[in-house]
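> Pasting a predicted model and its sequence here:
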Amino acid sequence: MTSDPCIVINPNANTGKLGKKLDAVLALTKEYIGNFEYVVTERPQQEKELAEEAIKKGYKTLVSLGGDGTATNMGDAIIGHPDVTLGLLSAGSMCDWHKTHSIPYNLEESLKVLAEGHSEKFPGIKCSGDMTNYAFDLTDGGFTAKAAAAAHYEMKWMKIGLIKYNYLALKYVLKSKNVPAKITLDDRDPIEIPDLTNAFAGFGDDIAGFHVMPSNAEYSQKNKDLGVAIAHGMKGLNRVKMLVKAIPGNHVGMKGIHLDRCRKMIVETTEPLCWENEGEIYSENSKIVEIERIDDAITVIVPKERSYKVDYSEEIYLQKFEDSYANRKFEKIK
């Protein structure tokens, strides 16, 4: 066993910018946390394998240097080891998981959080489709997941990750088809949906710059559950409108948007739907996906003093699905 942390580095994070300045990043890291070991990924999704090797060697603190995908793959390795702690350094194109727990989207500021070393237990989300893995912020199925999948092989020339993802999201919001679905939340009667557009579940509020589930981090912490967002019946320009309104969270109350809460969600579709968590694809061929909250799944280093943003009252998550067939008005909290 070693007391030094082991850092798993994805040099391709932030569209390759991290690898180009790695020497400077390592020098800065040493200033803040002193001695450490590090390993560098050489292929996609290798972070889980490298994290597992570090755990076998006795490391008790593993640090993710990259974005959401890097951290999530490491979380998959750590989740069965309650004595191992995960630190998150912000160095990716998107750091939604970091943002949920107020870890600054700035390498030096996130190093300060790591150096302080305050850790807490957080839940995970068991996601089962073509395969089973874990999410630690949000998981989604539909055109957003398809855009995440496409980001691995389309537009490789684009160096700005957020622009690339938003372009692909727009592309697939126009290209993807609605599918009939049955969604079961906990032990409640299933929601029958003739034209599911998208579904989300998780602990966080944002995904790739879209404020999909406002105030959800606060309510998930309080209720020990998952926030759920279901978009249905969206076609053509209405999808684009939803996308634009979702950036600041103004899609709340829009016709075709339903927000809910549960601990377990089962989504059954008549044809396969693409599903992802934090950029990692876990289902493209399955017609049944199960998503379940796992309490105290992982220990993460976070700021001791932090807050979860509240935009709306919890009322927005307590509406009947039938109400989503009409526009509703919800006032933001000032």
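Happy to help now that I have it.
> Now the terminal residues of stretch 218-227, how far apart.
End-to-end distance for stretch 218-227, by C-alpha to C-alpha, to the nearest Å: 10 Å.
> That one: how far from the chain's middle?
15 Å (C-alpha atoms, centre = their mean, to the nearest Å).
> what does it rub up against?
123, 125, 200-203, 213, 216, 259-263, 265, 291, 293, 295, 308-310, 314, 317 (C-beta atoms under 8 Å, 6 or more residues apart in numbering). Yep, even glycine has a C-beta here, placed from its N, CA and C like the rest.
> ok, Glu49 - how many residues close by?
Glu49 has 15 neighbouring residues, counting by other C-beta atoms under 10 Å.
> Equivalent analysis for Thr72, please.
Thr72, neighbours per other C-beta under 10 Å, totals 27.
> Check the contacts of stretch 218-227 for burial and list the buried ones.
Applying 16 or more other C-beta atoms under 10 Å to the contacts of stretch 218-227, the neighbour count classes 123, 125, 200-203, 213, 216, 259-263, 265, 291, 293, 308-310, 317 as buried.
> still on that earlier bit, quick one: which of the contacts of stretch 218-227 sit in helices?
Filtering the contacts of stretch 218-227 for membership in helices, criterion DSSP state H, returns Asn216.
> before we move on, back to that, the buried ones among the contacts of stretch 218-227 in strands, which ones?
Within the buried ones among the contacts of stretch 218-227, membership in strands is found for Pro123, Ile125, Phe200, Ala201, Gly202, Leu259, Asp260, Arg261, Cys262, Met265, Ile291, Arg293, as judged by DSSP state E.
> For those residues, which two are the farthest from each other?
Pro123 and Leu259 (19.0 Å; C-beta to C-beta).
> Would you agree Asp83 falls within a helix?
No - Asp83: not assigned to a helix; according to DSSP: H, G, I helix; E, B strand; the rest coil it is coil.
> pLDDT value on it, please?
Here the pLDDT value assigned to Asp83 is 95.
> can you tell me how far it sits from Ile298?
Asp83 sits at a distance of 12 Å from Ile298 (criterion: C-beta to C-beta, to the nearest Å).
> of the two, who's got more company?
Ile298 (24 against 9).
> and that one, helix, strand or coil?
For Ile298, the reduced secondary structure class is strand; criterion used: three-state DSSP.
> now Glu192
Here Glu192 is strand, with the state taken from three-state DSSP.
> which SSE is the closest residue to it other than its chain neighbours in?
Taking C-beta to C-beta, 6 or more residues apart in numbering, and ignoring the residues beside it in sequence, Glu192 has Lys182 as its nearest neighbour in space, at 5.7 Å. Per DSSP states H and E, Lys182 falls inside strand 179-185.
> Quick one: mean pLDDT over that strand.
pLDDT averaged over strand 179-185 equals 97, rounded to a whole number.
> partners of it, with directions?
The strands that strand 179-185 pairs with in its sheet are strand 191-202 (antiparallel), strand 264-269 (antiparallel) (by DSSP bridges).
> Let's have those strands in JSON lines, adding distance to Lys245.
Listed next are those as JSON lines, based on distance: least, C-beta to C-beta, whole Å:
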{"stretch": "strand 191-202", "distance to Lys245": "14"}
{"stretch": "strand 264-269", "distance to Lys245": "23"}
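> Of these, flag the one that's most buried.
Compared across the strands paired with strand 179-185, strand 191-202 shows the largest average neighbour count, a mean of 22 (mean count of other C-beta atoms under 10 Å).
> for the record, mean pLDDT for it?
Here strand 191-202 scores 97 as its mean pLDDT.
> I'd say the residue nearest to Glu192 and Pro194 touch.
No - using C-beta atoms under 8 Å, Lys182 is not in contact with Pro194, being 10.4 Å away.
> Now distance to Trp275 too, for the ones in strands among the buried ones among the contacts of stretch 218-227, in CSV please.
Putting these into CSV (distance: C-beta to C-beta, whole Å) gives the following:
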residue, distance to Trp275
Pro123, 19
Ile125, 11
Phe200, 10
Ala201, 10
Gly202, 12
Leu259, 19
Asp260, 18
Arg261, 20
Cys262, 17
Met265, 11
Ile291, 9
Arg293, 16
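> Just give me the closest of the residues you listed to Asp186.
Each of those was scored against Asp186 by C-beta to C-beta, and Cys262 proved nearest at 4.8 Å.
> Please determine how far that closest one is located from Gly227.
The span separating Cys262 from Gly227 equals 9 Å under the rule C-beta to C-beta.
> Overlap in contacts, the two.
Applying C-beta under 8 Å, 6+ apart, one finds that Cys262 and Gly227 are jointly contacted by Ala201.
> So which residues of this protein form helices?
If you assign secondary structure with DSSP H, the helices in the chain sit at 17-20, 22-33, 47-56, 68-78, 96-100, 107-116, 143-150, 161-175, 216-223, 236-246.
> Much appreciated, bye for now.
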